[in-house]
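Undergrad: just need the structure, nothing else, for what follows:
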Amino acid sequence: MKKEIVIIWLVCLCLSVFLSAAVAQEVPSDLVAIKKQLIKKLAEKGVSKSEVEKIFLDERVILYPELLQKIAKKPGGKRFSYFSLEFGMFTPWSIWRGRNMLEKNSKIFDEVEKVFSVDKEVLASIFRIETNLGENLGKHRVFNSLLTFAVIKNRRSDWAETELISFILLCRRNQSDPLDIKGSWAGAFGLCQFMPSSFLNFAVDGNGDGKVDLFIVHDAMASVANYLKKHGWQSGNQNKQFKAVYAYNHSEEYAKSVLAYARMIKKP
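TA: Next up, the predicted model:
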């Protein structure tokens with residue numbers, strides 16, 4: 001019995017070493033090619049070569065090859081559901097938290113609802129589903145996540161390069177350090193998880209301080225409301241409301257759960 005256990009352990013160890021080596025081989029020895037490409041494309045948008053070079057010289061720039069496993073198809077795997085007890089969105093505690101958050105930030109949500117004509121409960125619902133009301137903002141450096149997908153060839157490489165360019169542009173606009181911002185493994189960030197291109201197209205300054213900060217409730221909610229409005233949201237039109245939320249995340253279940261949670265936290 002002990003001999004069998006030892007053999008199994010050795011097989012697992014060898015397999016682990018093999019997989020680690022395979023992943024390592026996928027990682028380029030340098031980032032010269034992608035850097036040259038970014039320098040060329042960003043130059044067309046007014047970003048100097050030295051600005052890009054400075055970012056890549058930062059010791060915090062690394063690749064996350066393990067993220068490639070997250071976009072690999074997993075046939076037969078357990079299907080995720082926003083309505084599951086495991087996700088916990090529709091538990092009494094979760095519903096109370098949503099109502100409580102709305103009450104504590106009532107001035108902000110009332111103002112955003114008035115300006116954009118988007119139900120405040122829907123904004124709160126997206127806030128809840130995306131980051132659990134700010135508790136799960138993500139732990140990956142956005143720059144590194146997008147760089148990984150751009151450098152290591154995969155089905156998201158072209159998309160990631162575009163998002164990486166958008167990210168550098170938004171950081172330049174906000175005078176932010178690109179390597180300070182953390183978010184999801186896929187490159188979304190902020191209280192409601194905007195992708196960089198969505199930031200450039202739809203993010204707005206909700207509190208009027210001259211800067212858009214999606215880690216601030218007012219700016220984040222105003223930006224989500226603006227996104228939904230620009231994607232066809234109409235008060236009283238359930239079909240258009242569903243389509244607007246679906247545009248935010250291309251999942252029917254996502255849209256259904258957002259609207260369901262919004263109804264549950266709405267005061268009678």
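Undergrad: wait, residue 138 touches residue 187, no?
TA: No. With contact defined as C-beta atoms under 8 Å, residue 138 does not reach residue 187; the gap is 9.2 Å. In short, each C-beta sits where N, CA and C put it, glycine included.
Undergrad: neighbour count for these two, which is higher?
TA: A side-by-side neighbour count of residue 138 and residue 187, using other C-beta atoms under 10 Å, places residue 187 first with 30 against 20.
Undergrad: for the more buried one, give me its contacts.
TA: 142, 145, 146, 149, 160, 163, 167, 195, 196 (C-beta atoms under 8 Å, 6 or more residues apart in numbering).
Undergrad: out of these, list just those in helices.
TA: 142, 145, 146, 149, 160, 163, 167, 196 (DSSP state H).
Undergrad: number of nearby residues for the fifth one?
TA: To tie it back to what came earlier, the one meant is residue 160. Neighbours of residue 160 (other C-beta under 10 Å): 23.
Undergrad: and the pLDDT at it?
TA: We have a pLDDT of 95 for residue 160.
Undergrad: and it, what does it touch?
TA: So residue 160 contacts 146, 147, 148, 149, 150, 187 (C-beta under 8 Å, 6+ apart).
Undergrad: shouldn't the first one be in contact with residue 166?
TA: No. Checked against C-beta under 8 Å, the pair residue 146 and residue 166 is beyond contact range at 9.0 Å.
Undergrad: neighbour count winner among these two?
TA: Taking neighbours as other C-beta under 10 Å, residue 146 and residue 166 compare with residue 146 leading, 28 against 20.
Undergrad: ok, the residue nearest to the more buried one when sequence neighbours are not counted - contacts?
TA: Among residues not flanking residue 146 along the chain, residue 164 sits closest, at 4.2 Å (C-beta to C-beta, 6 or more residues apart in numbering). Residue 164 is in contact with 38, 143, 146, 147, 150, 196, counting by C-beta under 8 Å, 6+ apart.
Undergrad: so which of those is the closest to residue 204?
TA: residue 196 (15.3 Å; C-beta to C-beta).
Undergrad: I figured the closest one hits residue 167, correct?
TA: Yes. Here residue 196 lies in contact with residue 167, judged by C-beta under 8 Å, at a distance of 3.9 Å.
Undergrad: joint contacts of those two?
TA: Joint contacts of residue 196 and residue 167 (C-beta under 8 Å, 6+ apart) are 142, 146, 187.
Undergrad: hmm, the first one is touching residue 189, no?
TA: Yes. Under the contact definition of C-beta under 8 Å, residue 142 touches residue 189, with a separation of 5.2 Å.
Undergrad: need the overlap of contacts for the two.
TA: Contacts common to residue 142 and residue 189, judged by C-beta under 8 Å, 6+ apart, are 181, 182, 183.
Undergrad: now the helices for the stretch 101-250 of the chain?
TA: 106-116, 120-131, 142-151, 157-174, 196-202, 217-230, 238-248 (DSSP state H, counting those that start in this stretch).
Undergrad: quick one: closest of those helices to residue 86.
TA: helix 120-131 (13.8 Å).
Undergrad: orientation of the closest one relative to helix 238-248 in degrees?
TA: 30 degrees (axes from the mean of the first three to the mean of the last three C-alpha atoms, to 10 degrees).
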